[in-house]
Structures are given as structure tokens and as C-alpha cells.
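Student: this is the structure alone, sequence omitted:
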């Protein structure tokens, strides 16, 4: 089964996202910030990462930059999922290697649409 | 809603637009008409229908029909079809073209415009050959309200995240307050026109591609046959008619060959002089 790491400092968002992503056929792990996510990735690289932007300890974009420098870190397909909804943030995410970008709030339709565009489905 | 009110709605939809409304799905009719009644200032659906019936108000009747005709839409619905347009159909059409004759495309039943704009984006991505020969792109719908929205090129954050790849958003859209607005250049690629497929269409001819997806399935068999006949008439020889990939099978008129995924092609009937 393919794996997806959900990275968000909100437990509620993680829970909602987990349910949707599990329904799409992924095994889901959770991390509360970028550092925790990095630890997960070093232990076991997931196939997909759903990534919040604003988080304590290490934010999403710094995590993504660091991830791409890790061994095997170019492999995961990264989908941002954040309240940041301006083009500057979107372009920065794409330049750092994100495949897709979800603007909160989201629902299962949007999640499915974005995972499809990221060729995860 | 009472049975006679439901019957009235079913009948005006059939008569005006050839729409097939299922009178058993009262909840669906109510959920579509309640917002219309509110918008038009009536206390209930019942009051609105009484007013529509007694005073035979054209505008109000159309508001009811349009609300019942409203379908689901999103950007790049059925993405495989857009890939095929970009990679195969549009480049092919561009090659066999006399100079100065643009490729003519019609999005029939375009609702709030996502399909027509998805075609516009696809045209842009289809390469220099297609762009060089030019594209005449028309979107049509039964509903003025839908067309107004289409023309505005403004979409909510929810709409913009259904079907539209983020790279296209970044390239072609800008934030406008609470909405996302399509670039003026792409908006200018589409012309809009109100068309009721249930009436006699005049002057629609020589389209190379007609998209009419998930529209005919909601029409009565009589209206569907008529509309389909007219769409085929509007195709250029060798033109393509694109229906929804998951639409229930509809008997197609002669001359059309069904390819896969809702794609049909008219024969090259033009006889060499």
C-alpha cells in the first residue's frame, strides 16, 4: 500500500485529511511540524506528502527545501495544503518542487482532484 | 410542493428547453427552486409558481427552467479528452487547413464557462501550429446568468480547485478580492452566445469540434434527437462531436462514427470537385 505523510500542526486538519486520504487508498502517517516530518522521512520515505505551510519548529517550505536535499528525498510527491492563497506562495511552492497546491478550506472533492493532478491517483 | 406544482415545473421545462425533469424527485426540484424563489423575492416556491403561472411571466418562467437545467461543471472535466484534443485532434486539424481558416470549436451547454476556458488553455498548450492557424471558440448556454458568470471569468476558490492544475492557475489567473480572475487574453479567446438547443438553430455550421457533454442526457428523447441532429448539421466534414465519457449511450445519427470516451467523428463526406 502506498503511504502518505500528513504534515499539519492542527490535529483537527490532520484527522480530516487522514480520513479522506485513507479513503483514496493510502496508508497515512502524521507529523505536527517540519522537523517531525523530516524525522519520519529519514526513517521511511513516503510516496506522498500533504504539507501545511505555517507550522512551529520548521515550516512547510523550509521542510520541502531540506527534504529535496535528503537521500531519496526527491521521490515523494508533495502537495501543499495551506491557508496561504496568493500567487507568490503558490509560485514559491512550485519552484521548490511541489506538485500541487491546495488552498484551505478543502473538501474531499478538491483533495481527490489535486491528488489526481499530482498523478497520485 | 404539491403534485400539480411539480407537474407544472416538469411541463414548462419540457416545453421550453426539452428538459427531462423527474417528477418523482421532488426534493431535487425543491433544492433547485428554493434559491430562485428567495432571489426573486417570493416567500415560497409555491408563491413563485403561482405568480409564474398566472401572470405568465417569461423571465420568471425562464429562471425556473434555467435552475432545473443547471448541471455540474468543473475545469478539465474528463481530463483524458483535453489531452487528446491537445496532442492529437487540434494538431491534426491544424495541418490540413487552408490558410486563414481558423479551427472552429463550440462548447454547447457550457454553464459557467469552465469547459470553454479549459479548451482555451488547451489551445494555448497545443503548440505553434495550432496557434498559428487561429481558433474561433464559442461557448453557449441556455442560461443568461450562467453566461454572465462565464464572461466575467471570475471563479471562487472552491471552483478554481476543481479540475484546474495549479500550474495553469499560476500562469493564467490572478486573485481579485475573494475570487480568481482569468487573464484578459484567455477571456478574449471565447465568445459567448445564448443558445437553446431545443429550438431551431440557424447559421451554426462548419464547426471542427463540438463539445456537448452531459447535456443531452438530461433531455427528453424527442428533444435529444432533435438537438443531436442539429449539432451534427453544425459539424464540418470530418468534425468531432464530444459527449460525456460516462453518459448513457444515446443512439447517434448516421454518418457519425463512435470512437472511445464519448468522442464521435463525422465522415469526410465532402466530395472532391
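Tutor: Good, I have the coordinates. Being a predicted model, the structure only gives us computed values, none of them experimental.

Student: chain neighbours aside, what residue packs nearest to residue B:121?
Tutor: residue B:168 (5.7 Å; C-beta to C-beta, 6 or more residues apart in numbering or on different chains). Just so you know, the C-beta spots here come from the backbone N, C-alpha and C atoms, and that holds for glycine as well.

Student: I'd like the distance between the closest residue to residue B:220 other than its chain neighbours and chain A.
Tutor: Closest residue to residue B:220 apart from its sequence neighbours, by C-beta to C-beta, 6+ apart: residue B:20 at 4.7 Å. Plainly put, residue B:20 is 26 Å away from chain A if you go by C-beta to the nearest C-beta, to the nearest Å.

Student: identify the bridge partners of the residue nearest to the spatial centre of chain A.
Tutor: In chain A, the centroid-proximal residue (C-alpha atoms, centre = their mean) is residue A:50; its distance is 1.8 Å. Residues in a beta bridge with residue A:50, per DSSP bridges, are residue A:6, residue A:79.

Student: name the residues that touch stretch B:49-68?
Tutor: B:5, B:8-9, B:12-13, B:16-17, B:19, B:21, B:29, B:32-33, B:35-36, B:39-40, B:42, B:48, B:142-146 (C-beta atoms under 8 Å, 6 or more residues apart in numbering or on different chains).

Student: one more time with 7 Å, if that's ok
Tutor: B:5, B:8-9, B:12-13, B:16-17, B:19, B:21, B:32-33, B:36, B:40, B:42, B:48, B:142-143, B:145 (C-beta atoms under 7 Å, 6 or more residues apart in numbering or on different chains).

Student: count of residues packed around residue B:63?
Tutor: 21 (other C-beta atoms under 10 Å in any protein chain shown).

Student: which helix or strand contains it?
Tutor: For residue B:63, the element it lies in under DSSP states H and E is helix B:58-69.

Student: report the buried residues of that helix.
Tutor: Buried residues in helix B:58-69, counting neighbours by 16 or more other C-beta atoms under 10 Å in any protein chain shown, are found at B:60-69.

Student: turn those into CSV, including pLDDT.
Tutor: Shown next, in CSV, are those (pLDDT from 0 to 100):
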residue, pLDDT
B:60, 93
B:61, 93
B:62, 94
B:63, 94
B:64, 95
B:65, 96
B:66, 94
B:67, 95
B:68, 95
B:69, 93
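
Student: tell me which two of those sit farthest apart.
Tutor: B:60 and B:69 (15.1 Å; C-beta to C-beta).

Student: now find how far off-centre the helix or strand bottoming out on mean pLDDT in chain A is within its chain.
Tutor: One helix or strand of chain A scores below all others by mean pLDDT, DSSP states H and E: helix A:108-117, with a mean of 96. From the chain centre to the centre of helix A:108-117 is a distance of 13 Å (C-alpha atoms, centre = their mean, to the nearest Å).

Student: what of stretch B:83-96?
Tutor: How far stretch B:83-96 lies from its chain's middle: 21 Å, per C-alpha atoms, centre = their mean.

Student: stretch B:7-18 too?
Tutor: Mean-position distance between stretch B:7-18 and its chain equals 20 Å (C-alpha atoms, centre = their mean).

Student: ditto for stretch A:19-27
Tutor: Its chain's average C-alpha position is 14 Å from that of stretch A:19-27, according to C-alpha atoms, centre = their mean.

Student: which other residues reach it?
Tutor: A:1-4, A:6, A:28, A:48, A:50, A:108, A:111-112, A:115, A:121.

Student: which residues of the stretch 101-250 of chain B lie near chain A?
Tutor: Contacts of the stretch 101-250 of chain B with chain A, taken as C-beta under 7 Å from any C-beta of the partner chain, map to B:157, B:161-163, B:165-167, B:170, B:175.

Student: much appreciated, bye for now.
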